[in-house]
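# Here is my input; please provide its structure:
(one chain, ligands or ions: 1)
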Amino acid sequence: MSKPIEDYGLIGNMLSCALVARDGSLDWLCLPRFDSDACFAALLGKPDNGYWRLAPADEGAKISRRYRPDTMILETTFETEEGAVTLIDFMPLARDEEHVDVVRLVRGDRGRVRMRCEFVLRFGYGSTVPWLQRADFGARAVAGPDAIELRTRVKLVSENLRTTAEFTVGAGATVPFVLAWHPSHRVEERDIDPQQRLEEAETWWRDWSSQCRIDKEHPWRDAVTRSLITLKALTFAPTGGIVAAPTTSLPEQLGGERNWDYRYCWIRDATLTLYAFLTSGYRDEAKAWREWMLRAAAGHPAQLQIMYGLAGERRLTEVELPWLAGYEGSKPVRIGNGAYGQLQIDVYGELLDALHVGRKFQLEPSHEAWNFQRTLLGELKGQWRSPDQGIWEIRGEPRHFTHSKLMAWVAFDRGVRAVEDFGLDGPSESWKAEREQIRDEILSKGWSEKKRSFVQHYGGTALDASLLLIPLTGFLPPDDPRVIGTVEAIQRELTQDGLVLRYHPEHAPDGLSGTEGTFLVCSFWLADALTMMGRVKEASKIFERLLSLRNDLGLLAEQYDPLLGRQLGNFPQAFSHVGIVNTAHNLMSAQGPAEQRADRTKPTEKPTS
Ligand SMILES: OC[C@H]1O[C@H](O[C@H]2O[C@H](CO)[C@@H](O)[C@H](O)[C@H]2O)[C@H](O)[C@@H](O)[C@@H]1O
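Model prediction:
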């Protein structure tokens, strides 16, 4: 039986991440990068697919946990009849990309506690048993390209393809364990000082968190800071790329087939993350992402992809891992993501809007970035009339999604405003003409008079949560009756226990079987739309409810099932944490999305009915 998703805590070092369960078991770790093969994959299979547990021998311990304030250092306290110990888990900041470590310190707090270590290392996503040798520092494991040293002064016993140890920790003592990865072709032994690396990591995360522009006394401060730390942990430091989540195949429906690999950089997800960083005062991450984007998308504009690998890799072929049983039997487990080859027109709008926001926040101007945007708008001219797979990356037939057209409008609008508001050079008259055509088409084909709402795709009647972005992008003002009609239709027909679904798969087939939970970022968008409409109390209530769905460490997955009361989907997900940051800022200013305030006060579109 799998552990609930909300049982997991995250540790990371901006090269990769690990998930540690409440019971002290590290069940997911990919080394050396987020998208590398996992060496512990019990999360998606069975214990034999790899885990590393450190916990009292007494299974009945009372467990509590927390992050050290404003850091990525996780502390889990176990209280037993013998005493109390605290497990301190973190990934030290890496000096280079070829050495990635996990440190686990067992600190005795009270009495003398008998502890047990279980270390089952399986490279290749839980499939490859390494060759394990004893060493004077502990043990060395090698398989193919990977080598791991387990450094400990505790005596290890290896039998039946498992390594275990038993030891006792007394109050005031600390027993360190270090897992150190390096490429197997390098013959080396590398000792690190765990205590010194702990202090270094703590100082670094605290300094980073202290730059957050939010009132220290504000009741939402901790939630926002935890989300920003989580988003930072999802960035790949060497390139500036940002992953959508550090996991693959945590299911959107328990036992279902909606299981995807999120360990890649989506233009959409990353641009939303960028807003969260910029509105919170973090500019370096935004600059690094802009550079990543320019490198990733460099080349022929017709070959722009909606997502890339951490360093801009283009081929993200989707394959299934049949040896993994899947989280609570949710099969298949997939790596790679077939969405990389899809046409999703909204990414043009997200990109152009992100770079526009960058200009508003006075990011250093980049000539290269502006040339890139002009080229993209040239490409979009020939592209926006095509049906596509849309924001939700449906696996079925392409359609004319209203949201895709909306974001094409955003792309041309931001191009025009770059010329008009920022004095950049570009064919703004021709972009204005495209913007008008798209607007007319959305207003006639994307609107259903019968439903009194905008609809998911032309000619249909299905609702879609992405339509909540109509006022947020500035396409129509929040008091337009069509906006009000759409928001209220979504509240009425597209919510479950007050939380927003993306769409009803039975009304809007997506090429997949089954259903899914409520999609958390969509509920944040509902709160944002209501805030703009002046319904701030209602919006705050939704926001507080969303905060209550976080686990005890402040983390959110992609989705939530209100009937089961469980988080679903990949975890923790950038989209959901972006929602926390952006909606908190919007509510705090009670004026609407900070980045688009200008859009709201000067709507391009005037109400026509
Ligand atoms: O719903 C099917 C699709 O689900 C995934 O896409 C979702 O996650 C992306 C990353 O966060 C997000 O950008 C997208 O808007 C979501 O719909 C999956 O990546 C797709 O392959 C799959 O078709």
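# ok, for residue 24, nearest residue in space, not its chain neighbours?
Spatial nearest neighbour of residue 24, excluding adjacent residues (CB to CB, 6 or more residues apart in numbering): residue 55 at 3.8 Å. All C-beta atoms are positioned from the backbone trio N, CA, C, and that covers glycine.
# Settle this for me: the one you found is touching residue 23, isn't it.
Yes: using CB atoms under 8 Å, residue 55 makes contact with residue 23 at a distance of 5.9 Å.
# Neighbour count for these two, which is higher?
Higher neighbour count among residue 55 and residue 23: residue 55, with 24 against 16, using other CB atoms under 10 Å.
# Next, the contact list for that one, please.
Shown in contact with residue 55 (CB atoms under 8 Å, 6 or more residues apart in numbering): 23-25, 61, 78, 87, 115-116.
# Might you list the low-confidence residue ranges for this structure?
Residues of the chain meeting the criterion pLDDT under 70: 591-609.
# So which residues on it come close to the ligand?
244, 260, 262, 266, 268-269, 337-339, 391-393, 395, 575 (CB under 6 Å from any ligand atom).
# what about the helices in the stretch 301-450 of the chain?
For the stretch 301-450 of the chain, the helices defined by DSSP state H, counting those that start in this stretch occupy 346-360, 367-381, 402-422, 428-445.
# Quick check: chain neighbours aside, which residue is closest to residue 308?
Take residue 308 and drop its neighbours on the chain: the residue closest to it by CB to CB, 6+ apart is residue 296, 4.4 Å away.
# Could you count how many residues lie near the one you found?
Residue 296 is flanked by 25 other residues according to other CB under 10 Å.
# ok, it to residue 529 distance?
Per CB to CB, to the nearest Å, residue 296 is found 31 Å from residue 529.
# do residue 404 as well
Residue 404 is 19 Å from residue 529, by CB to CB.
# likewise residue 434?
Where residue 529 is concerned, residue 434 sits at a distance of 26 Å (CB to CB).
# Ok, residue 544 next?
Per CB to CB, residue 544 is found 17 Å from residue 529.
# residues contacting residue 563?
Contacts of residue 563 were listed using CB under 8 Å, 6+ apart, and they are 496-497.
# Quick check: phi and psi on it?
Per-residue torsions, residue 563: phi -70, psi -40 (degrees, to the nearest 10).
# circling back to that earlier point, what's the next secondary structure element after the one helix or strand the residue nearest to residue 24 maps to?
Using DSSP states H and E, the element containing residue 55 is strand 51-56. Using DSSP H and E, the helix or strand that directly follows strand 51-56 along the chain is strand 62-67.
# hang on, residue 569 packs against residue 561?
No: in this structure, residue 569 is not within contact of residue 561 by CB under 8 Å, at 9.8 Å.
# Kindly point out which residues are neighbours of both of the two.
residue 517.
# Can you tell me the closest non-neighbouring residue to residue 126?
Excluding its sequence neighbours, the residue lying closest to residue 126 (CB to CB, 6+ apart) is residue 49, at 2.8 Å.
# who's in contact with that neighbour?
40-42, 122, 125-127, 323-324.
# what about it, distance to residue 253?
Going from residue 49 to residue 253 by CB to CB gives 22 Å.
# Give me the neighbour count for residue 334.
19.
# and what of residue 397?
Residues near residue 397, counting by other CB under 10 Å: 9.
# With the one 3 residues further on instead?
Other residues near residue 400 number 20, with proximity taken as other CB under 10 Å.
# what residues are up against residue 438?
Residue 438 sits next to 384, 405, 408-409, 412 when contact means CB under 8 Å, 6+ apart.
# 6 Å instead?
By CB atoms under 6 Å, 6 or more residues apart in numbering, the contact list for residue 438 reads 405, 408-409.
# And for it, nearest residue in space, chain neighbours not counted?
In space, residue 438 is closest to residue 409, 4.4 Å off (CB to CB, 6+ apart).
# Can you give me the distance of that neighbour to the ligand?
Applying CB to the nearest ligand atom, to the nearest Å, the value for residue 409 to the ligand is 19 Å.
# Packing partners of the helix or strand harbouring residue 586?
Using DSSP H and E, residue 586 sits within helix 574-589. Packing partners of helix 574-589 (3 or more CB pairs under 6 Å, 6 or more residues apart in numbering; DSSP states H and E): helix 221-233, helix 267-279, helix 520-532, helix 536-548.
# Take those helices and lay them out in CSV including mean neighbour count.
Shown next, in CSV, are the helices and strands packed on helix 574-589 (neighbours: other CB atoms under 10 Å):
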stretch, mean neighbour count
helix 221-233, 22
helix 267-279, 24
helix 520-532, 26
helix 536-548, 17
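# The longest strand anywhere in the chain: partners in the sheet, and parallel or antiparallel?
Taking DSSP state E as the assignment, the strand of the chain that covers the most residues is strand 100-120. Using DSSP bridges, strand 100-120 pairs in its sheet with strand 51-56 (antiparallel), strand 83-90 (antiparallel), strand 162-170 (antiparallel), strand 174-183 (antiparallel).
# Now that strand: buried residues?
100-109, 111, 113, 115-120 (16 or more other CB atoms under 10 Å).
# Stretch 16-26 now?
Under 16+ other CB under 10 Å, the buried positions of stretch 16-26 are 16-26.
# Outside of that stretch itself, which residues are in contact with it?
So stretch 16-26 is contacted by 3, 7-11, 27-31, 33-34, 40, 51-55, 63, 76, 87, 89, 102, 246 (CB under 6 Å, 6+ apart).
# mind checking how far residue 443 is from the ligand?
25 Å.
# In the stretch 51-200 of the chain, which residue sits closest to the ligand?
residue 125 (18.2 Å; CB to the nearest ligand atom).
# looking at it, that residue is touching residue 38, isn't it?
Yes: using CB atoms under 6 Å, residue 125 is in contact with residue 38, at 4.8 Å.
# neighbours of the closest residue in space to residue 570 that isn't next to it in sequence, just the number please.
For residue 570, ignoring the flanking residues on the chain, the nearest one in space by CB to CB, 6+ apart is residue 245 at 3.6 Å. Applying other CB under 10 Å, we find 27 residues neighbouring residue 245.
# hang on, residue 245 is in a helix, isn't it?
No: under DSSP: H, G, I helix; E, B strand; the rest coil, residue 245 sits outside any helix and is assigned coil.
# That one: what's it in contact with?
Shown in contact with residue 245 (CB under 6 Å, 6+ apart): 262, 570, 573.
# What separation is there between the residue nearest to residue 6 when sequence neighbours are not counted and the ligand?
Spatial nearest neighbour of residue 6, excluding adjacent residues (CB to CB, 6+ apart): residue 551 at 3.8 Å. Distance, residue 551 to the ligand, using CB to the nearest ligand atom: 19 Å.
# how close does residue 551 sit to residue 323?
Per CB to CB, residue 551 is found 29 Å from residue 323.
# who has more neighbours, those two?
Legend: neighbour count by other CB under 10 Å for residue 551 and residue 323, higher for residue 551 (19 against 14).
# Same question for that one, what's its three-state structure.
Under the three-state scheme (three-state DSSP), residue 551 adopts coil.
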